[in-house]
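generate a structure from the sequence data that follows.
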Amino acid sequence: MIIPGRLPGLNEYVKSNRTNRYAGGKMKKDAESMICLYIPPWPTYEKPVEIKFFFYEPSAKRDIDNISAFAHKVILDSLVAKKVLRNDSQRYVKAISDQFYVDKENPRIVVEIYEITT
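Down below sits the predicted model:
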């Protein structure tokens, strides 16, 4: 799956929660709605999975934990909402890995899911 652009970072999410009691929820809901548009017609994974995230940022200015923390949450929740994952608990998601790159011309997030067969 390829999500064009970039998602808000954890710092922006925390700030929105502190600004207004509903702003953080709206930010999360808006991000999940946008992500759902880009989820391909994947099957429901019944076995545990490993999920790999590839973040292509327009610059190297944001901290990697700021980039990935909110993204993990909203992407996994979107995959559950679209029934790609039965749940995002440790029973179903066994591993998450991140890689970070700079691509000024084409910022995006690439998500790959691998079923664990052992």
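
burial measure for Tyr13, as a count.
Here the number of neighbours of Tyr13 (other C-beta atoms under 10 Å) works out to 21. For the C-beta atoms, the positions are set from N, CA and C on the backbone; glycine is no exception.

mind giving me the packing neighbours of the helix or strand where it lies?
Secondary structure from DSSP states H and E places Tyr13 in helix 10-19. Other elements packing on helix 10-19 under the criterion 3 or more C-beta pairs under 8 Å, 6 or more residues apart in numbering; DSSP states H and E are helix 23-36, helix 64-81.

for Pro40, what are its contacts?
Neighbouring residues of Pro40 by C-beta atoms under 8 Å, 6 or more residues apart in numbering: Met1.

how far away is it from Leu79?
Per C-beta to C-beta, to the nearest Å, Pro40 is found 11 Å from Leu79.

again with Asp30
Taken as C-beta to C-beta, the span from Asp30 to Leu79 is 17 Å.

look at these two and report which has more neighbours.
Comparing Asp30 with Leu79 by other C-beta under 10 Å, the one with more neighbours is Leu79, at 28 against 12.

so how many other residues sit close to Ala60?
10.

shouldn't it be in contact with Asp103?
No. With contacts counted by C-beta atoms under 8 Å, Ala60 stays clear of Asp103, the gap being 10.9 Å.

tell me the phi and psi of the closest residue to Tyr101 other than its chain neighbours?
Distance criterion C-beta to C-beta, 6 or more residues apart in numbering; nearest residue to Tyr101, sequence neighbours excluded, is Tyr56 at 4.9 Å. Dihedral pair for Tyr56: phi -110, psi 100, per degrees, to the nearest 10.
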